[in-house]
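Enquirer: below is the sequence, then the predicted model.
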Amino acid sequence: MEQVGRYLILGELGRGAMGVVYKAQDPAIGRIIAIKSIRLNDLTEESERERLRERLFREAQSAGILSHPGIVTIYDIFEENGLAYIFMEFVNGPPFDKMLGAEQTADKDTLLSILRQIASALDYAHRKGIIHRDIKPANIMIHEDGSAKVTDFGIAKIASQNMTQTGTIMGTPTYMSPEQVQGIPVTGQADQFSLAVITYEALTGEKPFAAEYLPTLLYKIVREEPIAPTLLNPTLDPRVDGVVRRALAKNPTDRFPTCAEFVEALAEALNAAPGWTPFPRGASHYISTVGSQDKGTQHTIAETVAETVVDLPPAMATLANQASVNRAPVSPTPAAVPLPPKQEDPFPWVATVPPVSSLPSTSHVIRNVILLAVVALAGVGGYLAYLRQQQQQPAPPTTDPAPVATVQPPSNPPTTQTIPPPPPPAQTASTKPATPADPPPDAIPATPTTGDFQLTTTPAGATVEFDGSSDIKCRTPCTIALSTGRHTFVAIAPGYREARRILEIPHDTGFIVNLERMVGTLHLVTTPPGLTVLLDGQEQPTKTPSVFQLVPGSHHIELVKGTDRQGFQVEIHDGSTVTRTVEWQ
């Protein structure tokens with residue numbers, strides 16, 4: 001393939017289960033982009049293809065609303081010859097998955113920076129009402145400058161919604177939340193759970209939920225607590241266990257309110273042990289304290305279920321839906337992050353299934369066969385109880401259905417006749433000829449080839465460029481004539497983030513776009529705390545430690561303690577979080 005639309009293909013970036021990702025160039029402006037192709041023809045039923053196609057375009061348009069430095073931007077989308085193409089921002093760097101798999105892991109400051117950026121991007125999307133649903137290391141790109149970007153927003157949501165209707169889950173099961181496994185509605189806390197799984201893996205080198213067989217893995221996600229991170233990585237402070245356990249809570253309401261609060265609590269717990277270090281994958285095999293925890297199983301699942309489409313049998317899906325999400329914790333929870341009190345299990349017959357750790361460990365095969373047998377017997381018992389309950393209910397009274405009038409069509413349809421119009425009235429000197437009821441065919445106007453599009457931005461005065469061409473642009477508020485069909489535009493204003501949209505002429509006649517200010521976060525910590533802060537010469541109402549939302553650029557920070565002052569410069573970038581720890585001298 002040499003070209004897609006007007007974009008020139010430069011090479012192949014990777015392949016997945018649904019298509020290929022290409023590196024391409026827009027010859028009109030010279031911009032390098034990535035093109036992800038999705039094979040719609042892989043779905044054999046036309047109804048399935050049409051449903052996926054509709055959701056693909058609708059969700060891609062929703063993803064186009066997201067304008068954040070931590071989210072890969074979607075420029076355009078179209079379909080051709082059974083393939084859907086998504087044109088998106090090109091990130092010159094590896095996925096986070098490769099960094100986790102490297103022998104030399106990222107240093108602790110880089111890791112915390114990546115987690116903060118991911119959390120900021122997810123919280124932004126959640127405020128816009130969009131949930132990713134497939135957060136995993138492969139969907140996090142690390143740019144060569146160290147910035148992290150979340151990709152496949154909206155696209156993962158389409159796949160999961162489409163597959164839910166047919167009893168199938170699309171994605172990587174290892175990173176799924178319990179509510180996704182059970183098929184119940186999800187919130188932003190589902191993405192937080194997946195981020196916590198990534199965090200656990202980045203800190204310990206192991207996944208929190210792992211098993212040789214898929215039913216066992218899903219059971220663990222819904223019912224079991226993972227091994228405490230400090231048992232796998234002794235360099236971590238015990239407070240890390242509590243933070244991670246809360247983000248991995250089975251009940252979404254027990255997790256942190258936002259992803260950013262989870263990462264900030266994690267950073268505080270990690271910094272309690274200054275010598276902590278993240279472990280690469282497999283490093284815990286050499287830690288004697290976890291020698292009996294069956295680490296080989298955790299590596300097997302990474303090879304067997306990564307990038308897997310999971311078919312849930314009805315019995316397993318029923319068990320997952322009925323499983324309680326308020327199990328008692330396996331390891332003690334540190335007091336630093338308290339969890340809600342244990343709730344009564346509403347399904348005691350499910351609770352009789354023994355945990356994996358209580359089964360014989362002499363053979364993984366025997367263990368899992370026993371587990372699956374118990375699960376199957378429990379599912380059959382629940383189903384029989386349900387049938388008995390249905391049989392005991394009285395049958396509803398039968399009533400005669402109301403008569404329905406039917407109209408028999410004539411055996412021989414009448415021949416179509418042309419009814420002549422009534423004769424015109426007699427004309428007088430002041431009477432004009434009557435206008436014909438229907439104009440002749442040549443008088444019917446042709447379908448318009450252009451339409452007027454009105455665009456308003458808040459604030460006004462933004463420069464808007466359509467279809468990536470500098471020849472089609474205006475300054476808001478403005479009205480512009482566009483040809484019939486699909487168009488894209490980008491609105492740019494100094495101090496504000498770029499806003500990109502997709503529109504369809506003549507269906508869309510106008511948009512109102514609220515531009516978002518560029519802003520970064522400064523987290524200021526001092527030793528000792530309680531110092532007065534002067535920000536660009538202005539005294540701030542809060543004392544250290546404190547958090548400031550600042551416009552991008554260079555800012556002067558001055559700390560005051562009595563009559564002594566100490567100042568420094570800090571550089572803020574849009575969407576980034578900068579943490580400065582100052583020891584008073």
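Expert: Perfect, thanks for sending it. All values reported here derive from a predicted model rather than from experimental measurement.
Enquirer: average pLDDT across stretch 213-222?
Expert: Here stretch 213-222 scores 89 as its mean pLDDT.
Enquirer: equivalent analysis for stretch 483-501, please.
Expert: Mean per-residue pLDDT for stretch 483-501: 89.
Enquirer: got it, and stretch 73-89?
Expert: Averaged across stretch 73-89, the pLDDT comes to 84.
Enquirer: ok, stretch 231-248 next?
Expert: The predicted model gives stretch 231-248 an average pLDDT of 95.
Enquirer: tell me which residues of that stretch are tucked away?
Expert: By neighbour count on 16 or more other CB atoms under 10 Å, the buried set for stretch 231-248 is 231-233, 236-237, 239-248. No exception for glycine: its C-beta is placed from N, CA and C like everyone else's.
Enquirer: ends of that stretch, how far apart?
Expert: 17 Å (CA to CA, to the nearest Å).
Enquirer: what does stretch 464-484 give?
Expert: Length of stretch 464-484, first residue to last, CA to CA: 19 Å.
Enquirer: okay, residue 334: pLDDT?
Expert: For residue 334, pLDDT reads 41.
Enquirer: repeat for residue 430
Expert: 43.
Enquirer: returning to that earlier point: out of the buried residues of stretch 231-248, the closest to residue 131 would be?
Expert: Set against residue 131, the nearest of those by CB to CB is residue 247 (16.1 Å).
Enquirer: ok, and the closest non-adjacent residue to that closest one?
Expert: residue 196 (3.5 Å; CB to CB, 6 or more residues apart in numbering).
Enquirer: tell me the SS of that neighbour?
Expert: Following DSSP: H, G, I helix; E, B strand; the rest coil, residue 196 is assigned to helix.
Enquirer: give me the neighbour count for it.
Expert: Per other CB atoms under 10 Å, the neighbour tally for residue 196 reads 28.
Enquirer: do residue 461 as well
Expert: Residue 461: 10 surrounding residues under other CB under 10 Å.
Enquirer: identify the residues contacting it.
Expert: If you count contacts by CB atoms under 8 Å, 6 or more residues apart in numbering, residue 461 has them with 475, 476, 493.
Enquirer: got the phi/psi numbers for the second one?
Expert: Recorded main-chain torsions at residue 476 are phi -70, psi 150, according to degrees, to the nearest 10.
Enquirer: is it in contact with residue 454, as I believe?
Expert: No - applying CB atoms under 8 Å, one finds residue 476 not in contact with residue 454, separated by 9.6 Å.
Enquirer: the two: which has the busier surroundings?
Expert: residue 476 (21 against 14).
Enquirer: how near is that one to residue 211?
Expert: Separation of residue 476 from residue 211 (CB to CB, to the nearest Å) stands at 55 Å.
Enquirer: now do stretch 178-186, average pLDDT.
Expert: Across stretch 178-186, the average pLDDT comes to 89.
Enquirer: hmm, I was thinking of stretch 111-118
Expert: For stretch 111-118, mean pLDDT is 94.
Enquirer: the helices in the stretch 51-200 of the chain, which residues?
Expert: In order along the chain, the stretch 51-200 of the chain carries the following helices (DSSP state H, counting those that start in this stretch): 96-101, 108-127, 155-164, 178-182, 188-204.
Enquirer: deepest-packed of those, please.
Expert: Mean neighbour count, computed with mean count of other CB atoms under 10 Å, is highest for helix 188-204 among the helices of the stretch 51-200 of the chain, reaching a mean of 25.
Enquirer: what is that one packed up against?
Expert: Packed against helix 188-204 by the contact rule (3 or more CB pairs under 8 Å, 6 or more residues apart in numbering; DSSP states H and E) you find helix 96-101, helix 108-127, helix 178-182, helix 229-232, helix 239-247, helix 259-271.
Enquirer: and the ones you listed as JSON lines, adding distance to residue 483?
Expert: Putting those into JSON lines (distance: least, CB to CB, whole Å) gives the following:
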{"stretch": "helix 96-101", "distance to residue 483": "41"}
{"stretch": "helix 108-127", "distance to residue 483": "32"}
{"stretch": "helix 178-182", "distance to residue 483": "42"}
{"stretch": "helix 229-232", "distance to residue 483": "57"}
{"stretch": "helix 239-247", "distance to residue 483": "49"}
{"stretch": "helix 259-271", "distance to residue 483": "42"}
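Enquirer: select, out of those helices, the one closest to residue 503.
Expert: Across the helices and strands packed on helix 188-204, closest to residue 503 is helix 108-127 (CB to CB), at 21.6 Å.
Enquirer: what angle do the closest one and helix 188-204 make?
Expert: 170 degrees (axes from the mean of the first three to the mean of the last three CA atoms, to 10 degrees).
Enquirer: list the helices and strands helix 108-127 packs on?
Expert: Where contact means 3+ CB pairs under 8 Å, 6+ apart, helix 108-127 is packed against strand 140-142, strand 148-150, helix 188-204, helix 259-271, strand 577-583.
Enquirer: mind running it again at 7 Å?
Expert: On a contact count with 3 or more CB pairs under 7 Å, 6 or more residues apart in numbering; DSSP states H and E, helix 108-127 meets strand 148-150, helix 188-204, helix 259-271.
Enquirer: got a list of contacts for the first one?
Expert: Just to be clear, that refers to strand 148-150. Residues outside strand 148-150 that contact it (CB atoms under 7 Å, 6 or more residues apart in numbering) are 70-72, 91, 114, 117-118, 121-122, 132, 139-143.
Enquirer: now, the most widely separated pair of these?
Expert: 132 and 143 (18.8 Å).
Enquirer: and those two? Which one has more around it.
Expert: Neighbours were counted for residue 132 and for residue 143 using other CB under 10 Å; residue 132 has more, 27 against 13.
Enquirer: now for that one: which residues touch it?
Expert: By CB under 7 Å, 6+ apart, the contact list for residue 132 reads 122, 125, 150, 153, 156, 191.
Enquirer: for the contacts of strand 148-150, which one is nearest residue 8?
Expert: The closest of those, once distances to residue 8 are taken by CB to CB, is residue 91, at 18.9 Å.
Enquirer: okay, now the unreliable bits of the protein?
Expert: 1, 17, 55, 58-59, 61-63, 103-104, 154-172, 282-448 (pLDDT under 70).
Enquirer: care to break this structure down by domain?
Expert: 3-89, 96-286+295-331, 450-514, 520-583 (automatic domain parsing).
Enquirer: buried deepest among these, which one?
Expert: domain 96-286+295-331 (a mean of 20).
Enquirer: re the thing from before, which among the buried residues of stretch 231-248 gets closest to residue 471?
Expert: Within the buried residues of stretch 231-248, the smallest distance to residue 471 is 49.7 Å, found for residue 247 (CB to CB).
Enquirer: please tell me how far the closest one sits from residue 114.
Expert: Residue 247 sits 16 Å away from residue 114, going by CB to CB.
Enquirer: wait, residue 144 touches residue 94, no?
Expert: No - using CB atoms under 7 Å, residue 144 makes no contact with residue 94, being 9.2 Å away.
Enquirer: quick check: the gap between residue 497 and residue 513.
Expert: 11 Å.
Enquirer: same question but for residue 100, I mixed them up
Expert: Separation of residue 100 from residue 513 (CB to CB): 38 Å.
Enquirer: what of residue 129?
Expert: From residue 129 across to residue 513, the span is 17 Å (CB to CB).
Enquirer: and if you look at residue 489?
Expert: As judged by CB to CB, residue 489 and residue 513 stand 9 Å apart.
Enquirer: next, show the common contact partners of the two.
Expert: residue 501.
Enquirer: let's see stretch 99-115 as PDB, backbone CA atoms only.
Expert: Once non-C-alpha atoms are left out, stretch 99-115 reads as follows in PDB (Å, rounded to 0.1, in the frame of the first residue of the first chain):
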ATOM      1  CA  MET A  99       9.700  -0.200  28.700                       C
ATOM      2  CA  LEU A 100       8.200  -2.600  31.300                       C
ATOM      3  CA  GLY A 101       9.700  -5.500  29.400                       C
ATOM      4  CA  ALA A 102      13.200  -4.000  29.200                       C
ATOM      5  CA  GLU A 103      16.000  -5.400  31.400                       C
ATOM      6  CA  GLN A 104      16.700  -1.900  32.700                       C
ATOM      7  CA  THR A 105      13.500  -0.300  33.900                       C
ATOM      8  CA  ALA A 106      12.700   3.400  34.000                       C
ATOM      9  CA  ASP A 107      14.000   5.200  37.000                       C
ATOM     10  CA  LYS A 108      11.600   6.100  39.700                       C
ATOM     11  CA  ASP A 109      11.200   9.800  38.800                       C
ATOM     12  CA  THR A 110      10.400   8.900  35.200                       C
ATOM     13  CA  LEU A 111       7.900   6.200  36.300                       C
ATOM     14  CA  LEU A 112       6.100   8.600  38.500                       C
ATOM     15  CA  SER A 113       6.000  11.200  35.800                       C
ATOM     16  CA  ILE A 114       4.500   8.700  33.400                       C
ATOM     17  CA  LEU A 115       1.800   7.700  35.900                       C
END
